[in-house]
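Novice: sequence isn't available, so here's the structure alone:
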């Protein structure tokens, strides 16, 4: 009889518990959900229409919003993502739930593997490390509000496995690294990529300090080098299209927090404590937890919603870290020698420097960040308080490693008893998210109408655009077969301050000054080759193009030769990478099965 693999069962049980809490919180006011689903859900429906009408192809433009806008060239467009793939199979809301479960589970399994197999922690420490990382307020808040570009946050663990697992062939690791990076780019993960970069700057020296034997600079450079080239090839089509669009609408924004550096540091600490730690403290002090957003706004200097600040980690993490610091100061000489041998003092310098850089990014101020804020991509990102999420994995790793030092000196019975207690204590604080009386996530979007639209598309309705609507939001526009004059599209500014359409409410076939009442979206992306300009309407000489566009087909507007070449390069590289990873997975599984059979 085979021995029961309790560690794997407990990994599964913890992931079920965490996913259950996240989904329950996501649908807490169902059918009312976070306000940014008013951007994400209509976009998913629009992509679904495109796939139904045109098959598997690039959706360059969409007639559904703003009188005609770029689709694939929009950095927020997620056409080629797990989220959109699932929309082909199930309605958008179910796709959100399934993709959330997939990402949390993948990140949880990868983090457990990293702690157990790569860092060689005890299985109890590895499970706790997985829980410390997976059960965080950043994911809860992002999914609740509708920031689906942040769904991919847990997969940082997969990138770390690719970079640090010496048992994985470096070529395969590089392709896995490239696949994950490409997946991030195709789900509007630009903010996540920067956050991952900041996090890894802290994780690498931390790994060297904790277990220098698993750290190989040569391997990391090789994986990032080859993986970066493969990711660039797979993403070249998307990146080139985005650049072609955003050269006209760079969306340059910057945060300026009205706070002192010391208060800002305190604010980051409160962000990481967040709901799971501060809510019980407020209850104990007989204060209203619903005032928590005001406290964080005051301390951080930001003026955003609570969801932008809450990075909460379970209290167990901070209890373990505090206990570790206490034990260090009880016998500093003994611990100091361990922490600086084998040139670990160099790693400490890098860790301190990278921590400082992350703090500067989060506070949008300092000595280094001001010189970087205008770089490409960084110049288009704001709400820097989100960068505090970069601390989540390093803190989870630190707490798991500290706990591991203790558990190795315990008996088996004691280790299991303490693990069970800590595991339960780590999960229970997730319940604090259901204690608020106020809706802190602005759940103002009703999901019901999107379900009806999805059913219409399945029944064969192509949602032909017949007119320009004056007051419809993105979802109503789809339902009413119109293209809204004032879309929800942050690329043009939250108040559409950079959106100056020449169209007017009325039929798309209305003619004035030699133009139809529909924008030629090619003018936003490739105006030179199409003899157009941003906001210019479709000329009367392009009646066939307008008819095709209004019916969600892609008109024969010109695309530069370099873009077509990059489309092919990205597609072929993607096929190669998937085939290589799939082949390796099949071969490795076959070898494992063969060994067991023998």
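Specialist: Good, I have the coordinates. Every value quoted in this text rests on a predicted model; they were computed, and no experiment measured them.

Novice: what about this structure, any weak spots by pLDDT?
Specialist: Along the chain, the model assigns pLDDT under 70 to residues 1-3, 254-255, 333-340, 595-598.

Novice: tell me the buried residues in the longest helix seen in it?
Specialist: Across the chain, the longest stretch assigned as helix under DSSP state H is helix 561-597. Buried residues in helix 561-597, counted by 16 or more other CB atoms under 10 Å: 563, 566, 567, 570, 573, 574, 577, 580, 584. The way it works is simple: take the backbone N, C-alpha and C, and place the C-beta from them, glycine included.

Novice: of these, which is the nearest to residue 46?
Specialist: Taking CB to CB as the measure, residue 46 sits nearest to residue 567 out of those, at 20.3 Å.

Novice: shouldn't the closest one be in contact with residue 57?
Specialist: No: with contacts counted by CB atoms under 8 Å, residue 567 stays clear of residue 57, the gap being 10.0 Å.

Novice: tell me where the stretch 301-450 of the chain has strands.
Specialist: Assigned by DSSP state E, counting those that start in this stretch, the stretch 301-450 of the chain shows strands spanning 445-446.

Novice: now for whatever helix or strand residue 130 lives in, which elements pack on it?
Specialist: Assigned by DSSP states H and E, residue 130 belongs to helix 123-134. Applying 3 or more CB pairs under 8 Å, 6 or more residues apart in numbering; DSSP states H and E, one finds that helix 123-134 contacts helix 6-26, helix 92-113, helix 315-330, helix 392-407, helix 412-427.

Novice: output those in JSON lines, with mean neighbour count and distance to residue 130 appended to each entry.
Specialist: Listed next are the helices and strands packed on helix 123-134 as JSON lines, based on neighbours: other CB atoms under 10 Å; distance: least, CB to CB, whole Å:
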{"stretch": "helix 6-26", "mean neighbour count": "17", "distance to residue 130": "7"}
{"stretch": "helix 92-113", "mean neighbour count": "21", "distance to residue 130": "4"}
{"stretch": "helix 315-330", "mean neighbour count": "16", "distance to residue 130": "12"}
{"stretch": "helix 392-407", "mean neighbour count": "22", "distance to residue 130": "8"}
{"stretch": "helix 412-427", "mean neighbour count": "15", "distance to residue 130": "10"}
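
Novice: how about stretch 498-515: buried residues?
Specialist: Neighbour-count burial for stretch 498-515, counted by 16+ other CB under 10 Å, picks out 499, 501, 503, 508, 515.

Novice: can you tell me what sits against it?
Specialist: Residues from elsewhere that reach stretch 498-515, judged by CB atoms under 8 Å, 6 or more residues apart in numbering: 66-67, 249, 251, 465-470, 483, 485-487, 489, 492-493, 516-519, 535-540, 546, 550.

Novice: what about that stretch, how long is it end to end?
Specialist: 22 Å (CA to CA, to the nearest Å).

Novice: what of stretch 244-256?
Specialist: Terminal-residue distance, stretch 244-256 (CA to CA): 29 Å.

Novice: what about that stretch, distance to the chain center?
Specialist: 20 Å (CA atoms, centre = their mean, to the nearest Å).

Novice: again, but for stretch 67-76
Specialist: Distance of stretch 67-76 from its chain centroid, counting by CA atoms, centre = their mean, is 20 Å.

Novice: from residue 289, how far off is residue 24?
Specialist: Computed as CB to CB, to the nearest Å, the residue 24 to residue 289 distance reads 18 Å.

Novice: do the same with residue 495
Specialist: 32 Å.

Novice: those two - which one has more neighbours?
Specialist: More neighbours surround residue 289 than the other of residue 495 and residue 289, with 19 against 8 (other CB atoms under 10 Å).

Novice: tell me the contacts of that one?
Specialist: 278, 279, 282, 283, 435, 436.

Novice: out of those, which are buried?
Specialist: 278, 279, 282, 436.

Novice: give me the secondary structure label for the third one.
Specialist: For residue 282, the assignment made with DSSP: H, G, I helix; E, B strand; the rest coil gives helix.

Novice: for residue 425, see how far away the residue lying closest to it once chain neighbours are set aside is.
Specialist: Once flanking residues are discounted, residue 282 sits nearest to residue 289: 4.7 Å by CB to CB, 6 or more residues apart in numbering. Between residue 289 and residue 425 the computed distance is 20 Å (CB to CB).

Novice: check residue 527 too.
Specialist: Relative to residue 425, residue 527 is positioned 59 Å away (CB to CB).

Novice: surely residue 360 is in contact with residue 368?
Specialist: Yes: the pair residue 360 / residue 368 is scored as a contact, 5.5 Å apart, by CB under 8 Å.

Novice: tell me which of the two has more neighbours.
Specialist: Remark: of residue 360 and residue 368, residue 360 carries more neighbours, 22 against 12, as counted by other CB under 10 Å.

Novice: check contacts around the more buried one.
Specialist: Contact analysis of residue 360 by CB under 8 Å, 6+ apart lists 366, 367, 368, 369.

Novice: please apply the same query to residue 42.
Specialist: Contacts of residue 42 by CB under 8 Å, 6+ apart are 64, 65, 450, 474, 475, 477, 478.

Novice: find the nearest non-adjacent residue to the first one, please.
Specialist: Going back to what we said before, that points to residue 64. Nearest residue to residue 64 in three dimensions, chain neighbours excluded: residue 46, at 4.8 Å (CB to CB, 6+ apart).

Novice: the nearest residue to residue 274 once chain neighbours are set aside: neighbour count?
Specialist: Counting by CB to CB, 6+ apart, residue 274 lies nearest to residue 312, which is 2.6 Å off, once chain neighbours are set aside. Residue 312 has 28 neighbouring residues, counting by other CB under 10 Å.
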